[in-house]
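# fold the following and give me the result.
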Amino acid sequence: MTEILTPEGYVIRRDYDLLDRITKEEHLDKANGIHRVLSYEYDKAGNLIKQTNTKGDSKEYVYDYRNNLIKQTDEEGNVTRYFYDKNNSLIKAVSPDNYREELDDGTGTTFTYDAFGRMESVRNALGYLEEYNQYNKVGQLIRKGDEMGTLVEYQYDIGGRIQSIATGEVIQAREQSDSVNQNDTLSQPHQNNPVSQSFTYDARGNITGIRDGEGNRTLYQLDDWGRIVRIHKPDGSEEQYTYDYAGNITTTTDGKGGIITYCYNSFNQLGEILDQTGEKEQFFYDKQGRLAKQIDRNQNSIVYKLNIDDQLVYKKEEKSGLIYGYQYNTEGQLTEATGGGVQYQYDYTPSGSVKTKYVNHKLALQYSYTKSGNVAGILDATGKKTEYAYDEVNRVAKVMDNGNLLVTYGYHVDNTLAQARFANGVTTEYTYDRDKNPASITTTTRTGEKLFAYRYAYDYNGNRILKQDMRELSVGDLQGVGDYGRIGETGGGQVFGGLATGQAKLQGKLPEQVPLTQATRYIYDPLQRIAGVQYADGKEESFAYDSAGNRALRKYGSQEETYRYDSRNRLTEVARKDSARAENNRITLYQYDNQGNTLQEETRGCTENLLQKSHYDYDGFNKTRKVTVEYFGNEKETPTAVQTQENFYDAENLRYGIVENGERTNFITNGWKVLAEQDESNQTTNRIVLGYGIIASDSLKQEGDGYRYFHWNEHGDTEYITGENGQVLNRYGYDAFGSLTTAEEIVRNRYTYNGEQYDAITSQYYLRARFYNPQVARFTQEDVYRGDGLNLYAYCANNPVMYEDPSGYDGKSKCPKPGEPEGKKKETGSDDATNPNKIETPFKPLTPKQKKNLKQKMKNKTITQNEYNHLEWDRRFNNRRKRGVDRYWSMEKKRLDSGMDGTRDWSDSQKQDIQNRKTPTFNGEPIEGHHKYNALDYPQLADDPNNIYPATNNEHFNRWHGGNWQNDTNGVPNNPNFEEDF
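Residues are numbered from 1 along each chain as shown. The predicted structure follows:
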């Protein structure tokens, strides 16, 4: 036995067997009431077969004779099963929900490998290809994709370093260009070979430059140790860094020359931060090197106490006495969290999932789970229960509330969301491009009315450049707008207000073909910040930024706003001038405390008359405690109206209560998300049902009965709320940075932009750690997390079209609700779980005669809407079929060019033909590309190069169609006994 006494007095004891394996481990933290005992059992080969905790709950493991883990049983008896090949590579994993005890097996995720043991493919429990990998001769991954055509390609330099990365849409554009050049002997080789990212290195292998998909280049200057000391950005601005001998960053310098200094103690722990004006923040540590005290720039002193597991026991602000406390059980699970006027208690299942949550000793939430650990049900304080059903691959299939079906979900074969069908008859359908960016979102009522229908286009950086409203397009408008291309070139130009930037053009489909009143266009600067927006209603907005990433200028119609900042990047003034109406001129001044929290906003009019003043108050943890907004309507500068907002925070670091002009609302949360709203007497007034975002609200006190269903756009913004019968209740619109431009409400609602809470008094969004002001596109406080850029106020790096920041700490890519690349609806059922689903297409292919007749009708302007739709569908269908074949031959050429084996056993002359972009032959007969899954029954695979196989007409007819053209191909030959020609 060994015993370890830590500097803070914790005791860790371990017992060992004769082979030095731990058989028992004891953790003792007397001060915090923790006494944990863990025991371990092993088989003869030394594999862990059982692990038992203090409560007697055990996990068990079973191995095969080659010591591969083949079965894992959790504390509740749920089994995960694993299978391996002769090389000990995992070939199948069965989740607990799919495991069948009588078979000791079940449907699961399967894996295949090449001859070198490298992962070749992954298929889910339904048999769909989730991932496939291709490698070059030296074993480097060169291509990764899935069943829906999502692709990533990697190229390497001679040193084995990644030289460039190309994603699906870039690859598609390149292959289409190759296809055009292949069929046009007069065309020049593709000169602009686009990639999503490319890299340059120094002789030591350090990255010295990155070039993005639009050609913008960022350069890195390194010191002798390979550390970045200077960053040259595409807009010409620079950032600088210095280090101490231990490699710690000692200073950062932003584009305006603002320097932040970092000082460290003898253990290389951060001791002080000095901001641009010399204000100091200090940090102190306990005997085990953990943060124990922090003194901020307002001289608030916060002390922290941790337990043996480094979990927070309490944090206390010494000046105000504000304290949050936490208690844990012997397994280290949080059992109680107290502070801010509310107390939570938690119970857990044997496997460690939260079973119940109490608020001030009253049951608030009770959870149940599937065998795989997915939430199966949530029972709230009203006695109503939300239930979730899952399919074989653990995707939410339907959501029920209080016994009522609210929504069913359908998916594409790559597990991405294809459809949400709500109980009130409203349906939303999603399609996606090959980078899994939204390609279209359409929401339709039960009567066929489209609430919204958008199609999207993106540049090579994945930034959205076009959002087209498809509801109002006439037949004439539709011509030539069927399939958007990608950004093909960037030329000189100016964004609407005159700010210099590149002008994006769509390859083959210029944005100018889309009527201005039906599309919103976005322009980005070289740092991928929003530089201009042209909205669907014809209004234009443009932006410029300073070298530190602050918004410096905004132009909107006849209005121009200029922004001023201090050396700490704090916004000090916004001056608005209206060239058309001088009475609209405004100036807003801002004041801050030493910590960088906004203290006051003051707005004056064209005659310097006071219009509005806002005061902010903070607690000892720098949380916004109260906001007072005063309105002025006379020259005496006495307020004519006052509104107040008070915020209350719990020990989960979330806002659990708000008082708006005296009216209190409390929130019951599940993680970050609100599940219920309560009044001041803790009676539930509104329930929130979650699925993909908010599904519906169940108001218990508002007028009317039934659920209110939420319908959101590509960004997750609530656009419509509909009632039980699909009638529109609320409608919202937003600008590019989240300001509400439309808010038509019949029922009350606070969940709008990105599905977050909107505070009407302040016109700000609550984003957990901080509040976001969309009018100036900034947070009201500094970011305490410093790994997200040197500008501590900017929201989402000034690109909220493509990014979000729900935590208030760290902007991240706004992940789309993934879907299939093109606009085909995908059914959720399948006749055979190992095959893709058949899809019933709305039309059948036109004969040449039918096509000729319809084209003549269009020329004569006598074509009907349905006839035009049929003609347009036929065009797209044939284009997709051809595109799939073209992509296959382009991929096959690249395989052969790189020395890889082809998809068939090509002869030397056939290889030469393919590499020369000629049609290969066999016995004088051309070898052509054919669809394994016929394009009419499987249109989602029509343009997938992996669905194409090369064959002669003889082989195609006899082997795949079984000697009868009426036999459709469904992934396998109809007559596999007919031998292949070659």
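
# quickly list what the nearest residue to G662 once chain neighbours are set aside is bridged to.
In space, and not counting its chain neighbours, G662 is closest to T644: 7.9 Å by CB to CB, 6 or more residues apart in numbering. C-beta coordinates here come from the backbone N, C-alpha and C atoms, glycine included. Per DSSP bridges, the residues bridged to T644 are T628.

# I'd say T644 and K626 touch.
Yes: here T644 reaches K626: they are 6.8 Å apart, a contact under CB atoms under 8 Å.

# so for the residue nearest to G662, what's the pLDDT?
pLDDT, T644: 99.

# could you verify that R875 is part of a strand?
No: R875 is assigned helix when assessed by DSSP: H, G, I helix; E, B strand; the rest coil, not a strand.

# that one and P234, how far apart?
From R875 across to P234, the span is 39 Å (CB to CB, to the nearest Å).

# in terms of neighbours, single out the busier of these two.
The residue with more neighbours, out of R875 and P234, is P234; 18 against 14, by other CB atoms under 10 Å.

# wait, what's in contact with K623?
Applying CB atoms under 8 Å, 6 or more residues apart in numbering to K623 gives the contacts N647, Y649.

# and it, what's its pLDDT?
98.

# how near is it to Y344?
With CB to CB as the criterion, K623 and Y344 are 17 Å apart.

# ok, T607 next?
52 Å.

# who has more neighbours out of the two?
Neighbour tally, T607 and Y344, criterion other CB under 10 Å: the higher count belongs to Y344, 22 against 9.

# SS state for that one?
Relying on three-state DSSP, one would call Y344 strand.

# grab the nearest non-local neighbour of it.
In space, Y344 is closest to A337, 4.6 Å off (CB to CB, 6+ apart).

# what about that neighbour, neighbour count?
A count of nearby residues for A337, using other CB under 10 Å, gives 21.

# starting at the chain centroid, how far to the helix or strand where it lies?
When elements are assigned from DSSP states H and E, A337 belongs to strand 334-339. In terms of CA atoms, centre = their mean, to the nearest Å, the centre of strand 334-339 is found 31 Å from the chain centre.

# got it, and stretch 212-220?
For stretch 212-220, the distance to the chain centre is 23 Å (CA atoms, centre = their mean).

# tell me the domain boundaries of the chain?
With domains defined by automatic domain parsing, the chain comprises 1-42, 848-960.

# let's have those domains in JSON lines, adding mean pLDDT.
Formatted as JSON lines, the entries for the domains of the chain read as follows, by pLDDT from 0 to 100:
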{"stretch": "domain 1-42", "mean pLDDT": "95"}
{"stretch": "domain 848-960", "mean pLDDT": "87"}
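
# closest one to Y156 among these?
Nearest to Y156 among the domains of the chain is domain 848-960; the distance by CB to CB comes to 10.9 Å.

# which SS class is A797?
When classified by three-state DSSP, A797 comes out as helix.

# how far away is L611 from T603?
Remark: distance between L611 and T603 (CB to CB) = 5 Å.

# anything in contact with each of those two?
The contact lists of L611 and T603 share R586, where a contact means CB under 8 Å, 6+ apart.

# quick check: buried residues in stretch 156-166?
Judged by neighbour count (16 or more other CB atoms under 10 Å), stretch 156-166 contains these buried residues: I162, Q163, S164, I165, A166.

# and the residues you listed, which is closest to E680?
E680 has its nearest neighbour among the buried residues of stretch 156-166 in I165, at 54.6 Å by CB to CB.

# got the phi/psi numbers for R123?
Note on R123: backbone dihedrals following degrees, to the nearest 10 are phi -120, psi 140.

# mind putting the domains of the chain into JSON lines with distance to G352?
Compiled in JSON lines, these are given as follows (distance: least, CB to CB, whole Å):
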{"stretch": "domain 1-42", "distance to G352": "14"}
{"stretch": "domain 848-960", "distance to G352": "39"}
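
# deepest in the core, which of those domains is it.
Neighbour counts (mean count of other CB atoms under 10 Å) averaged over each of these peak at domain 848-960, with a mean of 17.

# wait, E573 sits on R586?
No: judged on CB under 8 Å, E573 makes no contact with R586 at a distance of 10.9 Å.

# higher neighbour count, these two?
Taking other CB under 10 Å, E573 and R586 do not tie; R586 has more neighbours (18 against 13).

# so where's this structure uncertain?
Applying pLDDT under 70 to the chain flags the ranges 177-193, 472-517, 702-704, 815-840, 898, 900.

# show me where it has its helices.
168-183, 475-478, 848-860, 865-897, 908-915, 953-955 (DSSP state H).

# quick revisit: any idea how far the residue nearest to Y344 is from Q311?
Distance of A337 to Q311, given as CB to CB: 11 Å.

# overlap in contacts, these two.
By CB under 8 Å, 6+ apart, A337 and Q311 have these common neighbours: Y326.

# strands of the stretch 451-600 of the chain, start to end?
For the stretch 451-600 of the chain, the strands defined by DSSP state E, counting those that start in this stretch cover 464-469, 487-495, 499-506, 519-524, 530-534, 540-545, 551-556, 559-565, 571-578, 586-592, 598-604.

# now tabulate those in TSV and tack on distance to N860.
As requested, these are exported to TSV (distance: least, CB to CB, whole Å):
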stretch	distance to N860
strand 464-469	28
strand 487-495	34
strand 499-506	30
strand 519-524	29
strand 530-534	35
strand 540-545	39
strand 551-556	45
strand 559-565	49
strand 571-578	51
strand 586-592	57
strand 598-604	61
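
# G160 reaches L141, doesn't it?
No: the pair G160 / L141 is not scored as a contact, 11.6 Å apart, by CB under 8 Å.

# quick check, L466 in contact with I523.
No: the pair L466 / I523 is not scored as a contact, 10.6 Å apart, by CB under 8 Å.

# ok so, going back, what lines up beside the strand holding A337 in the sheet?
Within its sheet, strand 334-339 is paired with strand 323-328 (antiparallel), strand 342-348 (antiparallel), according to DSSP bridges.
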